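Peer 1: A predicted structure for the sequence below; I have some questions about it.
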Amino acid sequence: QVQLVESGGGLVQAGDSLRLSCAASGGTFSSYTMGWFRQTPGKEREFVAAISWSGRSTDYADSGKGRFTISRDNAKNTAYLQMSMLRPEDTAVYYCAADDKRHFPVVLRGEYDYWGQGTQVTVSS
């Protein structure tokens, strides 16, 4: 069974940067499309970014374009989300997810097979 564990969340000020990590175990990480989603209370979980299994292709929601960078290190079984120029509206619980069907891009929540438990990011103004 694939397990995903996010880390790196916290409380930061507007304009700061933060890097989230997603460590995977129990599967073949190098064959998964990896995605990041976020969710705030009362709202649907929304797509943030995705990266193909090779790392050669990436996709971003408009909200993060130019500010967020998704990457992965297949040797470390870890995906990352580097967030810069953070805004209060980026405050959310951030989740990483894995899709094992070799699809790309994968932007729909329902297409992902495995999820982490989430990490809170809070951006103060």
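Peer 2: Structure's in. What do you need? Numbering: from 1, shown residues only.

Peer 1: do you know how far the residue nearest the centre of the chain is from Ser125?
Peer 2: Against the mean C-alpha coordinate of the chain, by Cα atoms, centre = their mean, the closest residue is Trp36 at 2.2 Å. Separation of Trp36 from Ser125 (Cβ to Cβ, to the nearest Å): 23 Å. Backbone N, C-alpha and C define where each C-beta goes, glycine included.

Peer 1: repeat for Arg72
Peer 2: Distance from Arg72 to Ser125, by Cβ to Cβ: 31 Å.

Peer 1: Quick one: the helices in the chain, in order.
Peer 2: Using DSSP state H, no helices are found in the chain.

Peer 1: and the closest residue to the residue nearest to the centre of the chain other than its chain neighbours, how many neighbours does it have?
Peer 2: Excluding its sequence neighbours, the residue lying closest to Trp36 (Cβ to Cβ, 6 or more residues apart in numbering) is Val48, at 4.3 Å. Val48: 25 surrounding residues under other Cβ atoms under 10 Å.

Peer 1: Check Arg38 too.
Peer 2: Using other Cβ under 10 Å, Arg38 has 23 other residues around it.

Peer 1: What residues of stretch 110-125 count as buried?
Peer 2: Within stretch 110-125, the residues scored as buried using 16 or more other Cβ atoms under 10 Å are Tyr112, Tyr114, Trp115, Gly116, Gly118, Thr119, Val121, Val123.

Peer 1: So which of those residues belong to strands?
Peer 2: Taking DSSP state E, the ones among the buried residues of stretch 110-125 that sit in strands are Tyr114, Trp115, Thr119, Val121, Val123.

Peer 1: my guess is the first one contacts Ala98, does it?
Peer 2: Yes. Proximity of Tyr114 to Ala98 meets the contact threshold set by Cβ atoms under 8 Å, at 4.4 Å.
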